[in-house]
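# sequence below, structure please.
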Amino acid sequence: MSGRRDIRLVLADVDGTLVTSDKELTGETRDAARQLSRAGITLAITSGRPPRGMNMLIEPLALQGAIAGFNGGVFVNPDLSIIESHVLDPATARQAHDLLLGRGLDVWIYTDTAWLVRDVKAPHVAREAWTVKFEAQVVPSFTDQHLARTAKIVGVSDDLDLVAACEKEAQAALGDKASASRSQPYYLDVTHPQANKGAVVTTLARLSNISPEQIATIGDMPNDVLMFNKSGFSIAMGNASDAVKAQARVTTDGNDKEGFAKAMREFILPGA
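Residues are numbered from 1 along each chain as shown. Now for the predicted structure:
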C-alpha cells in the first residue's frame, strides 16, 4: 500500500509498539524517528505509563510533539512541563478501587506526582519499576487523600481472563464516569473519561492545529483501537491480537522484528 501523503503527525503507543519485549529502543526505531522529523512529520507518544516513565524515550527519539501519559490523563511537553491534565473524580476513583479489589485484582494508584502500591513484592511491581525507571511508594492502604488526586488506577492480575472480565464489568459499572481498558493483558487501566487514546488523537489535533485525518496511529492493544477509530490512518503491530488487527487499516511486523520502523518506511515516509 502506498504512503498516506497528508500525514502530519504519527501517534505511537509505547509498550508493544515502540519498544521491544525487553523494553528497549532499537537503532532502527531511532532512525525511523529521525526520518519522520526530517520529513516534517511530528512523532508523538501515548501510553498508560506516567509521563516521567517515558522520560528515557524523549532524547533518543528526538521528540518534539506532546507526550500523553496515563492514556491521555496528563499531556506534557518534551521537557515534562504540563500542558493539561485530567484526574478522576474522587468518588469514581473509590468506586473503581473497591470494584477491582473486590474482584481479586491487586490495585495500584498513580497520583499526579506518585506511584502508590500496597506491596512492593506484588506481581509486576518490580518489572514496572524497571520499565518506568522510578520506584513505587508503599502505603498500607489507599486513603481519600490519595484518591482525590488519582490520575490512573491499575488493576493487576496474571489471571488474564479475570482482567478481561473486570474490564467489561468496570466499563458497565463506571459508565461515562471513567475510561476502563487493558493496556496490557495483565493491566486494567481506569482513568478520567477524557483520558483515553481516542481523546488523545483529538487533543493532539487541537494542540497541533491539524485535522485528526492528518494523524496516523500505531499500536498493539485493545485500548489502541480507540485511537485507530479517530485517526486518518491506523497501523496494528504484528504482535497485536487478531481482533486489534481487524480494526486497523494495515498491519506491520511485530515489536521484536522492527515493526515500527518498517511501518514508517512502508506506509508513512513514502507519502511525505
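
# from here on, contacts and neighbour counts on C-alpha atoms
OK.

# so, low pLDDT: which residues of the stretch 1-150 of the chain?
Low-confidence segments of the stretch 1-150 of the chain, defined by pLDDT under 70: 1-5.

# just the strands in it please.
9-13, 42-46, 67-69, 74-76, 82-85, 106-111, 115-117, 137-138, 150-156 (DSSP state E, counting those that start in this stretch).

# and of those, who's closest to residue 180?
Within the strands of the stretch 1-150 of the chain, the stretch nearest residue 180 is strand 150-156; the backing value is 9.3 Å (Cα to Cα).

# dihedrals phi and psi, the closest residue to residue 251 other than its chain neighbours?
Using Cα to Cα, 6 or more residues apart in numbering and skipping the chain neighbours, the partner closest in space to residue 251 is residue 236 (4.7 Å). Torsion angles at residue 236 (phi, psi; degrees, to the nearest 10) stand at phi -100, psi 140.

# gap between residue 236 and residue 254?
9 Å (Cα to Cα, to the nearest Å).

# neighbour count winner among those two?
residue 236 (31 against 20; other Cα atoms under 10 Å).

# just grab the bridge partners of the more buried one for me.
Counting by DSSP bridges, residue 236 forms beta bridges with residue 219, residue 251.

# check contacts around it.
Residue 236 sits next to 218, 219, 220, 244, 245, 248, 249, 250, 251, 252 when contact means Cα atoms under 8 Å, 6 or more residues apart in numbering.

# which residues touch the residue most central in space within the chain?
Centroid-nearest residue in the chain: residue 47, 2.0 Å away (criterion: Cα atoms, centre = their mean). Listed by Cα under 8 Å, 6+ apart, the contact partners of residue 47 are 13, 14, 15, 68, 69, 70, 71, 72.

# now the helix or strand that residue 174 is a member of: buried residues?
Residue 174 belongs to helix 160-174 when assigned by DSSP states H and E. Across helix 160-174, burial judged by 16 or more other Cα atoms under 10 Å covers 162, 163, 164, 166, 167, 169, 170, 171, 174.

# which residues does the fifth one contact?
Meaning residue 167. 180, 181, 182, 188.

# let's see which of the residues you listed end up in helices.
Among these, no member falls in helices (DSSP state H).

# before we move on, back to that, most surrounded residue in the contacts of residue 236?
residue 219 (33 neighbours).

# is it in contact with residue 10, as I believe?
No: between residue 219 and residue 10 there is no contact, the gap being 11.0 Å when judged by Cα atoms under 8 Å.

# and the pLDDT at residue 183?
Looking at residue 183, its pLDDT is 86.

# all helices in this protein, in order from the N-terminus.
27-38, 55-58, 90-102, 125-132, 144-147, 160-174, 197-208, 225-230, 242-245, 259-263.

# need the ones you listed in CSV (columns: distance to residue 77).
Listed next are the helices of the chain as CSV, based on distance: least, Cα to Cα, whole Å:
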stretch, distance to residue 77
helix 27-38, 16
helix 55-58, 10
helix 90-102, 26
helix 125-132, 18
helix 144-147, 25
helix 160-174, 30
helix 197-208, 11
helix 225-230, 20
helix 242-245, 29
helix 259-263, 22
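
# picking that back up, switch the contacts of residue 47 over to CSV; also include neighbour count.
Listed next are the contacts of residue 47 as CSV, based on neighbours: other Cα atoms under 10 Å:
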residue, neighbour count
13, 26
14, 22
15, 23
68, 33
69, 25
70, 30
71, 34
72, 32
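
# of the residues you listed, which pair is most distant in space?
Once Cα to Cα is applied, the contacts of residue 47 give 15 and 72 as the farthest pair, at 15.2 Å.

# could you find the closest non-adjacent residue to residue 132?
residue 53 (4.0 Å).

# OK, contacts around that neighbour?
131, 132, 133, 134.

# wait, which of those is closest to residue 212?
residue 132 (29.1 Å).

# surely that closest one meets residue 52?
Yes: assessed by Cα under 8 Å, residue 132 is found in contact with residue 52 at 7.3 Å.

# give me the domain ranges for the chain.
The chain breaks down by automatic domain parsing into domains covering 9-85+195-271, 90-191.

# now the longest one: how far from the chain's centre is it?
Think domain 9-85+195-271. Chain-centre distance of domain 9-85+195-271: 9 Å, with Cα atoms, centre = their mean, to the nearest Å.

# endpoint to endpoint, that domain covers what distance?
Span of domain 9-85+195-271 from end to end, Cα to Cα: 13 Å.
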